[in-house]
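> Need the 3D shape of this:
(2 chains)
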Amino acid sequence: MNNDPSAFNSNTKIYKLSGLLNEYRGMPLDEDLSKKIEDICIGLDADFTERDAGITIMAENTEQPEERRKLERRNKDKIIDVIGIGLCLLDKDLKITWANQTLCEWLNLNDSPVGKYCHDIYHCDEIGTGVCPAGNVFNGNVSSIIETWIESKDRKKMCVQHVAMPIINKSENVNNALLLTIDATESEKTLNKLLLLQRLGEAMQDTLQLDKLLHLILTCVTSGYAFGFNRARLFLINKEHDVLNGMLAVGPSSPEEANRIWQEMSSKYSSLKDLLEGLGHSHNIDTLLNTMTKLMVYSLSDTREIVISCAKEKTPIIIKDAVNDTRVTEEFRKALGVDEFVCVPLIAKNDSIGVIVADNAYTGEPISEDRVNTLTMFANQAALAIDNAEIYKRLEDKINQLTETQERLIRSEKLAAIGSMSSYVAHEIRNPLVTIGGFAKSLSRFNFTDSKIKTNIDIIIEEVNRLEKILNNITDFAKPSTLEKVDAQICEVMENTCILMENYFQEKHIKLHKDFATDVPVVSVDPAQIRQVFLNILMNAVEAMPDGGDLNIKIMSATDSIEIDITNSGKSIPQDLLQRIFDPFFTTKQKGTGVGLPVSLQIIEYHGGSIDVKSRHGEGTTMSITLPIR
Amino acid sequence: MTTILLVEDDKNQRLLYEQELRHEGYEIVTATNGKEALEKVQEQLPDLIIMDINMPKMDGIEAMGKILCKNKKVPVIINTAYSNYKDSFMSWAADAYIVKSSNLSELKDKIKEVLANKAMNS
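Next up, the predicted model:
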């Protein structure tokens, strides 16, 4: 080609620049890169006397033939255009004296920009400010890097960065500046992606409630703001049962729903903040998609299932054509209802804990590898957060369990102390009481002329009777007698108790409503003691309705227990008293001893069951007894 | 006449039972503790023994054991303020177990029942 040393020099510099920019393609412009470019640019000169101005080398041999210079310039322009950066030369007035083709295309310019002001063609507001790169160069300062968004010829939004290089002429003056425009869209995208991941990660680490966290994760996967999939499902491994369980799904259940929801929500979650705030109230979603997902269960040994193999191999799997893909079973394809989807494993501490399955069922948008990569990164963070939440939940459960055990211990200690104490007192009182009452009774056999004596004796007898009843209650409480368990039908026990109280109900104007399920199984209980419990609770219920009312008795059977609900329509129990009604010797009744309910609870607990009480104003009070079937 | 040995340490209570049972037509012999009861049984074998449990010197269960060793056919009714001796197998040797009450009808009924059983078996 050209063996002119200066031309060789100039070409080498352009090649060097080209190489450098190629190497840094897609990276944001930083000081390091800008310094390297500047180093190369030292020695470049601008020949702007000609109309087709361009970059040339500081000329030692200006006497070059015109033809040769033109040829040389064209060659350089070609090279400059292929390196994929926008270049232009500016004079001191910030007017463009030359621009390459790439820049014209990026800026969507129809006419040559030569002669126009740089800020006019860039639509830049930085003119005259301290950040204008060219301005800084002409003022002898270091060029700053600025970033703007432009729309290119093919209507693509681009993020570009600008940096200016001084071109120093022979007299050591800066008369020109070379403005480099670099496409940073990709790096900007990556940066945003990383930022997003970081912010989502932070939000996830803040969420310790497992169900809320799962919802957050899937909302991120489906939110346009984050990953923008149409639908997402989350599966978690249940180690206890060796299965992969469908936990939650987010997304519309049908195309119609999709349209409606997207119209409603298009602007709803425009930022991460909105997204997180929106989670608070849409937390428990009861959609068809969610319900169906919760029904999806796969055995961990069933590696034919794609979700299982995804979890086992710990790599994401993109399925483009489920019908013809042998990795997808027909059942799974039908359950999902799409041909294209992606499975991403949730890996925490090197262990698979679940899988996210996402698809674009409604828009049909192809799933790009790029998006899957980001989703995988996100899934890793999500998995850690889930792991944390699960550990937290286990801890919480353990603490609750401990607290419960502790409370029960304290109560039984208390009961034991009260028991031995009350037993002593009861027996000490019983003996003299028997004597008093016995003599009063024997006196009542005599005939007295004064009727007052007879009345007074009767009062003594009555009061002694009352005292003895109280003592009986207390000694019952003190002595938890051993259970004599036999197979019994609870409905029958209840029926017998009701018969026993029939007259009492009538007297108190109580309307009895019985609702006994027919499938209540026989259970092993001490019928006498259970009847005692029913009696106590029924008595309480009747006493709560001094003016009569409705008494509902409902007996149902669950999978492993029987539930007996006794509801009265009387006055409700205030919340602060509700917690105390099972405390021994606590009573609100004038004639009560306060042992009926504690004794009942003790008996039910000896049977491995529990008693629960609910009381709402205007709705009466319900005592629910639960008895285990085995 | 049917003789009943009443073993009871509480003076007033003993008086009550004595009066009430006499009124029912029984001959009543009393003892204030287990030891005395043994002596009384040796003097004259009663038709029935009403035995308290908590007593000084010798409690009712021990006394009942000793009496039954020699005279298996004497029926014993335990009459006590405590219900928890029911669980003690020693008390199972008695023909009846009554928790004391100011209403003596249960005791009176049990006496009749036990005596009737005894008459039937002899």
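> centroid residue for chain B?
The residue lying closest to the centre of chain B (Cα atoms, centre = their mean) is B:Ile50, at 1.1 Å.
> now do chain A
In chain A, the residue lying closest to the centroid (Cα atoms, centre = their mean) is A:Leu213, at 1.8 Å.
> Who are the contact partners of that residue?
Contact analysis of A:Leu213 by Cβ atoms under 8 Å, 6 or more residues apart in numbering or on different chains lists A:Met204, A:Thr207, A:Ala385, A:Ile386, A:Ala389. Yep, even glycine has a C-beta here, placed from its N, CA and C like the rest.
> Let's see that with 10 Å instead.
A:203-207, A:248, A:279, A:382, A:385-386, A:388-390, A:392 (Cβ atoms under 10 Å, 6 or more residues apart in numbering or on different chains).
> likewise A:Leu538?
A:Leu538 is in contact with A:494, A:497-498, A:500-501, A:504-505, A:510, A:512, A:551, A:553, A:566, A:568, A:623, counting by Cβ under 10 Å, 6+ apart.
> try A:Leu627
Contact analysis of A:Leu627 by Cβ under 10 Å, 6+ apart lists A:490, A:523-525, A:530, A:533, A:557, A:561-564, A:604, A:607-610.
> Could you count how many residues lie near A:Ala379?
Residues within reach of A:Ala379, counting by other Cβ atoms under 10 Å in any protein chain shown, total 25.
> ok, it to chain B distance?
From A:Ala379 across to chain B, the span is 64 Å (Cβ to the nearest Cβ, to the nearest Å).
> What strand or helix carries that residue?
helix A:369-443 (DSSP states H and E).
> show me what contacts A:Lys511?
Residues in contact with A:Lys511 (Cβ under 10 Å, 6+ apart) are A:Phe505, A:Met545, A:Gly548, A:Gly549, A:Asp550, A:Leu551, A:Asn552, A:Ser569.
> Whichever of these end up buried, select them in PyMOL.
To isolate the buried members of the contacts of A:Lys511 in PyMOL, using 16 or more other Cβ atoms under 10 Å in any protein chain shown:
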select buried, chain A and resi 505+545+549+551+552+569
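> Tell me the one among the contacts of A:Lys511 nearest to A:Glu330.
Nearest to A:Glu330 among the contacts of A:Lys511, counting by Cβ to Cβ, is A:Asn552 at 50.9 Å.
> For A:Asp550, list each beta-bridge partner.
When bridges are called by DSSP bridges, A:Asp550 pairs up with A:Lys511.
> wait, isn't it in contact with A:Ala544?
No. A:Asp550 lies out of contact with A:Ala544 (Cβ atoms under 10 Å); the separation is 11.5 Å.
> ok, for the closest residue to chain B within the stretch 401-550 of chain A, nearest residue in space, not its chain neighbours?
Chain B sits closest to A:Gly437 of the stretch 401-550 of chain A, with a gap of 2.2 Å, by Cβ to the nearest Cβ. Spatial nearest neighbour of A:Gly437, chain neighbours left out: B:Ser102 (2.2 Å); criterion: Cβ to Cβ, 6 or more residues apart in numbering or on different chains.
> any idea how far the one you found is from B:Glu20?
11 Å (Cβ to Cβ, to the nearest Å).
> before we move on, what about A:Ser152?
Distance from A:Ser152 to B:Glu20, by Cβ to Cβ: 117 Å.
> can you check A:Ser368 too?
Note on A:Ser368: its distance to B:Glu20, by Cβ to Cβ, is 102 Å.
> Give me the more crowded residue out of those two.
Applying other Cβ under 10 Å to A:Ser368 and B:Glu20 shows that B:Glu20 carries more neighbours, namely 20 against 11.
> From A:Asn388, how far off is that one?
According to Cβ to Cβ, B:Glu20 and A:Asn388 sit 77 Å apart.
> one step back: burial measure for the residue of the stretch 401-550 of chain A closest to chain B, as a count.
A count of neighbours around A:Gly437, defined by other Cβ under 10 Å, yields 23.
> ditto for A:Thr181
Burial measure for A:Thr181: 24 neighbouring residues, criterion other Cβ under 10 Å.
> What of A:Asn503?
A:Asn503: 9 surrounding residues under other Cβ under 10 Å.
> Just the pLDDT at the closest residue to A:Met545 other than its chain neighbours, thanks.
Spatially, and ignoring its direct neighbours in sequence, A:Met545 is nearest to A:Gly570 (3.7 Å; Cβ to Cβ, 6+ apart). Here the pLDDT value assigned to A:Gly570 is 85.
> surely A:Gly570 meets A:His617?
No. With contact defined as Cβ under 10 Å, A:Gly570 does not reach A:His617; the gap is 11.7 Å.
> quick one: which of these two has more around it?
Per other Cβ under 10 Å, whichever of A:Gly570 and A:His617 has more neighbours is A:Gly570, with 22 against 10.
> the helices in chain B, which residues?
Under the criterion DSSP state H, chain B carries helices at the ranges B:11-23, B:34-43, B:60-70, B:105-121.
> Of those helices, which shows the lowest average pLDDT?
Mean pLDDT is lowest for helix B:60-70 out of the helices of chain B, coming in at a mean of 84.
> Next, the angle helix B:34-43 makes with that helix.
Helix B:60-70 runs at 20 degrees relative to helix B:34-43, counting by axes from the mean of the first three to the mean of the last three Cα atoms, to 10 degrees.
> could you say what helices and strands helix B:60-70 packs with?
In this structure, helix B:60-70 packs against strand B:3-7, helix B:34-43, strand B:48-51, strand B:76-80, with contacts taken as 3 or more Cβ pairs under 10 Å, 6 or more residues apart in numbering or on different chains; DSSP states H and E.
> pull the CA atoms of the first one into PDB?
What it means is strand B:3-7. Only the C-alpha atoms of strand B:3-7 are listed here, as PDB (Å, rounded to 0.1, in the frame of the first residue of the first chain):
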ATOM      1  CA  THR B   3     -74.500 -56.400 116.300                       C
ATOM      2  CA  ILE B   4     -72.400 -53.800 114.500                       C
ATOM      3  CA  LEU B   5     -68.900 -52.800 115.600                       C
ATOM      4  CA  LEU B   6     -68.400 -49.100 114.900                       C
ATOM      5  CA  VAL B   7     -64.700 -48.100 114.700                       C
END
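> what are the pairing partners of that strand, and which direction each?
Using DSSP bridges, strand B:3-7 pairs in its sheet with strand B:27-31 (parallel), strand B:48-51 (parallel).
> Pick the most deeply packed of those strands.
Mean neighbour count (mean count of other Cβ atoms under 10 Å in any protein chain shown) peaks for strand B:48-51 among these, with a mean of 26.
> how distant is it from the center of its chain?
With Cα atoms, centre = their mean, to the nearest Å as the basis, strand B:48-51 stands 2 Å off its chain's centre.
> Stretch A:549-564 too?
For stretch A:549-564, the separation from the chain centroid amounts to 36 Å (computed by Cα atoms, centre = their mean).
> and it, which residues are buried?
Of all the residues in stretch A:549-564, those buried under the rule 16+ other Cβ under 10 Å are A:Gly549, A:Leu551, A:Asn552, A:Ile553, A:Lys554, A:Ile555, A:Ser557, A:Ser561, A:Ile562, A:Glu563, A:Ile564.
> Since that was my last question, I'll sign off now.
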